[in-house]
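[1] Need coordinates for the below:
(chains A and B)
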Amino acid sequence: MFNSRHLFAVGILLIICAIEPFTGYAQADVDPNPLTQECHIQLIDPSDKEPLIGAHICVELSNGRKVYDVSDFEGKATLLYENEKIGKVAISSIGYVTTYLQLQDIEEGAVIPVKSDVFSINQVVVTGTNEPTPVDSSIYKVKVISEAKIRQSGSVNLAEVLLTEANIRIRSDLVLGSQIEMLGMSGSNVKIMIDGVPVIGRLNGNVDLSQINMANVKQIEVIEGPMSVVYGNNALAGTINIITKKNSYHDFTAQADAFVESVGRYNGNAYVSKRVGRSSISLDGGYEYFRGVDFDKNTRSMDWKPKNLYRGNINYQYSNNNLTLGGKFGYYHDQLFVKSDKLDADYKVSDSYYYTDRIDFGLNLFNRWERSSLDVVAGYNLYERASDGYDMYLTDLDKKWREKVTSQEASNLMTRAIYSTALLPSKLTIQGGVDLSYETFEGERVLDQIQNIGDYAGFVKVNYSITPGFEIEPGLRFMYNSKYDAPIVYSLNTKWNMTERMSWRASFARGYRAPELKELYYIFDDVNHTIFGNPDLKAEYSYNISSSLDYIHQHDIHSWMISAATYYNTMKDKIDLVEVEVDGKHANVYYNIDEYESYGTNIDINYSFKKNLKIRAGYGLTARYNYYEEINNSDKFNISHDIFGGLSYRHSRSNVSFEIDYKYNGSLPYFAIDSKDNKLKEAKQDAFHTMNTSTSKSFIKNKLKGTLGVKNLFDITRVSRSIGGGGHSSGNGIPISYGRSFFINLIYTFNKL
Amino acid sequence: MKKLLFAFAIATMGLGFTSCDEDEKVTPKDYGMKTFKADMDYTYIPDPSGGMGTAVYAQQTYFKFGEESAIATGKVDTDSWTQFNIYDYAAKGEEVPDGYVINKTADVDGWELVFTNYKGTTYMGNPEGSPYNLTGVLFNAEAGITVAEKVYDESEKENDIAAAFASLVINDVKGLTYSEEVETIGSDWKSLDWSTKTYVVKSNNFYVIKMANGDYYKLRFLSFYGETTSERIIKIEYALVPETIQAEE
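    I've put the predicted structure just below:
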């Protein structure tokens, strides 16, 4: 009965069916009484009168029974029913607005127009909203990166996905991992969450984005600007929420994928999910091996370190009409191998392994009543980073293992509950919530070896529609923190649908970053160095003002979407080490001393021809505060320019998609001390190009999908940094990538309804 | 009786053979290659956030050329420790921290080199030099010692470097510029590989030590670690610089 032609459309339908409150019971495994009555329909795209191929039609009959079909090459489909012709019909397809109809309204042989949604503005998001909300209705400017886009780009982890995104830069530290910069602010100001649960384990303030695997991801929601009212700590520059796949739709579904990249990178993942009645249980796991890349064969050390990674998750979900309840357990382990150069004349070498382990427990609950809803997320996360290794002489290769040392152990117990109620439907909605977290941190040089921090917050947001097209949403968060004086955080968001085609968003918000336990309690005192944490630290806080304008226009076969946005951030009480004198000795102590500012603007133009061809182009300017402004009377900001663009083409008859993505990462000016003459000089990190391209095709009724692609077409491995007006370059520059690579990805999906 | 006398005569002859003239005693110069190790009694305290940790070098070792073992050692935080403060704040026009006194010598008889942690000058990121706690080798300028450095860069192969060092003769070292600056050997015979946080020894940096009596010693560093990298043991190779290299025996 089910003809799985369009895998991704299934994904979309999955969301729809999860959101749409169904009133009946789940379908049984064996169909005891097949439906006999048929209603034939044809789906067309009204803009070009072409048939809509491969759309998914979900019919829910009055007795709760669900039936499905997929439109054929002529856009035709058959709706099955029995006795009464009463029920609900949902029609969905990638790039189209999901259309809901009453079965009784559909005549035999009806031609149904389905409106296109070329730029996925009807895609549903959950970050920062009380209920799943389409992108263009959200009061926040949300960017959605879909599973299809992730797959097409051949990205294995989050860092790779974000490489060509606007307003984001990814920096690779070869040992500490991939770090993000967003809106000109560093990674410690970006909140990273998986299904609303913050990712812990920050190294020097940064979450390693290469540790977040993309195999089981439904979509990534990126929100720029502070969201501290709801999400608290770190949500200054932006929030990235990774939404994992959940099955509430298939009786049984399984997926296996294999990924090979020419640099010696292999990734395999498997996923199975079984639904029994209203419950479903899913298992997924994956393995990744990276051989490492070495540019200079004369040295023993490798430029890109070999890595081994495995992970697994088990997930349980229960859902009925109004209630969704679930729990998950996840495990992650990775191992990085760092080979040293020959250290001395005795041919000694010292190789190291770095291990990261993560254990995650999660609970989620969502309940809807007529006018209100409750959304609860709870998590208990554990993180450990350790290392060991061996020393050996290349003359005898006898390995002397070093003891395994745990450098960091952290845990976080958190829960966030949001209750939302519409006091006046579509006019006034109040959202109130609590956000509680309890963190522990263990490390050798932390005062008493273990420290913990409790953060208990309550927040409220009021959404008021002054006119049907203009809504305003003030928010306020109060916090009590067991270790430092927590700031009061507030925000004001507005959205104005000026015309049907144009909407305007503006926001003013305060965000904050709590001092890390290290900054509060680190202690070290010896003959060489004296570093103290400062228990009197306050949180860093920021103000953000941003505004954006979106214009959407569809005319015949042409569609346009133009977005322009601008933002300004100012950050106060930034924490930094300060040299002070303690008992006549020099010491370094953390203080709230610095300030930072950034601003930027960007414009993004999307054009689509007949839904199949999409072209995007954009420009972004980022200005970062220059700390040397007062010292040498230089400009207050260092400004960089980025250009990004892309093209995608999908041929629906042959099921072939082609995509190309490009980003010009403009040069980064900064100031540095020239080691030749000890003078502060203008320096520059060179610009570089990122370009990826891929082609994919689906086979066997979409069960098998293959993608072939090239990453880093320009083969950029490093960018140089020069000082003093292009004089001499310092070192080899900074690492960008392991170079051009080819990849192949095969995904096999098996579904049973 | 005769037998007794004979035995006595033999005994006295034996005595006569064994005794010799003290003035005739010659100690030939030893031009052979020798090694010396100085254990720095090192401990490392990691940074809990995964960054660079902190190092403690708790032992200093005094060395005299030709002596097989250390002539003295000092333990940090005890009376035996001598804090070497080489960096000269005043000369650089910088404010002198409270309690800081320049000290380039120790109350140890006959010392020529000291392997120690000291407050010295680093030129990293600043050509004028900045104060920093460094680990390396200082020499006793009061004993009339001066030092020159010679970098061998014709090959990176360890065997070539070793052969070049072994074949250094007086003519190779006479023309070098000798300095009285006690930090001439200092700490830059090693460099830190930031990505792996391990030190790499520059075994091709040759140092020539000119003694007060006109002798020259050549010295290079072989390693900075012990059996494992958790130990920091400075290992050097040195020899008296000969006029010519003798043919292989």
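
[2] Counting neighbours, what do you get for the residue in the stretch 351-500 of chain A that chain B sits nearest to?
    Distances between the stretch 351-500 of chain A and chain B by Cβ to the nearest Cβ are smallest at residue A:443, namely 2.4 Å. Backbone N, C-alpha and C define where each C-beta goes, glycine included. Neighbour count for residue A:443, taken as other Cβ atoms under 10 Å in any protein chain shown: 23.

[3] you'd agree it is up against residue A:408?
    Yes: contact between residue A:443 and residue A:408 holds when scored by Cβ atoms under 8 Å: they sit 5.5 Å apart.

[4] Apart from its chain neighbours, what residue comes closest to residue A:371?
    Computed as Cβ to Cβ, 6 or more residues apart in numbering or on different chains, the closest residue to residue A:371 that is not its neighbour in sequence is residue A:422, at 4.6 Å.

[5] Residue A:131 too?
    residue A:373 (5.7 Å).

[6] Parallel or antiparallel, list what pairs with the host helix or strand of that neighbour.
    In the assignment (DSSP states H and E), residue A:373 maps to strand A:372-393. Within its sheet, strand A:372-393 is paired with strand A:348-368 (antiparallel), strand A:400-424 (antiparallel), according to DSSP bridges.

[7] Worst mean pLDDT among the ones you listed?
    When the strands paired with strand A:372-393 are compared by mean pLDDT, strand A:400-424 comes last with a mean of 90.

[8] Whatever helix or strand comes next after that one to strand A:372-393, inter-axis angle?
    Using DSSP H and E, the helix or strand that follows strand A:400-424 in sequence is strand A:428-442. Here the directions of strand A:428-442 and strand A:372-393 differ by 20 degrees (axes from the mean of the first three to the mean of the last three Cα atoms, to 10 degrees).

[9] And the helices in chain B, which stretches?
    Applying DSSP state H to chain B gives helices spanning B:2-18, B:158-166, B:170-173.

[10] average pLDDT across the last one?
    So that's helix B:170-173. 92.

[11] Which positions within stretch A:190-207 qualify as buried?
    A:190-207 (16 or more other Cβ atoms under 10 Å in any protein chain shown).

[12] what subset of those residues is also close to chain B?
    When these are checked against chain B using Cβ under 8 Å from any Cβ of the partner chain, the ones in range are A:202, A:203, A:204.

[13] Please enumerate the strands of chain B.
    B:34-39, B:42-45, B:54-57, B:59-63, B:72-75, B:113-122, B:130-139, B:146-151, B:190-193, B:198-201, B:205-210, B:216-223, B:233-240 (DSSP state E).

[14] I'd like the distance from the last one to the chain centre, please.
    When distances are taken as Cα atoms, centre = their mean, to the nearest Å, strand B:233-240 is centred 6 Å away from the chain's centroid.

[15] Taking the centroid of chain B, which residue is nearest it?
    residue B:113 (5.1 Å; Cα atoms, centre = their mean).

[16] who does that residue bridge with?
    With DSSP bridges as the criterion, residue B:113 is bridged to residue B:63, residue B:139.

[17] how much space between it and residue A:452?
    To residue A:452, residue B:113 is 50 Å away according to Cβ to Cβ, to the nearest Å.

[18] so what's the closest residue to chain B within the stretch 51-200 of chain A up against?
    Of all residues in the stretch 51-200 of chain A, residue A:174 sits closest to chain B, at 5.5 Å by Cβ to the nearest Cβ. Neighbouring residues of residue A:174 by Cβ atoms under 8 Å, 6 or more residues apart in numbering or on different chains: A:303, A:304, A:305, A:735, B:195.

[19] The first one: what's it in contact with?
    Taking Cβ under 8 Å, 6+ apart as the criterion, residue A:303 is in contact with A:174, A:293, A:294, A:295, A:296, A:717, A:735, A:738.

[20] Who is the residue in the stretch 101-250 of chain A that chain B sits nearest to paired with across the strands?
    As assessed by Cβ to the nearest Cβ, chain B sits closest to residue A:203 within the stretch 101-250 of chain A, at 4.3 Å. Residues in a beta bridge with residue A:203, per DSSP bridges, are residue A:206.

[21] What of residue A:418?
    With DSSP bridges as the rule, residue A:418 is bridged to residue A:375, residue A:433.

[22] That one and residue A:374 touch, don't they?
    Yes: if you go by Cβ under 8 Å, residue A:418 and residue A:374 touch, sitting 7.3 Å apart.

[23] Those two: which has the busier surroundings?
    Taking neighbours as other Cβ under 10 Å, residue A:418 and residue A:374 compare with residue A:418 leading, 21 against 17.
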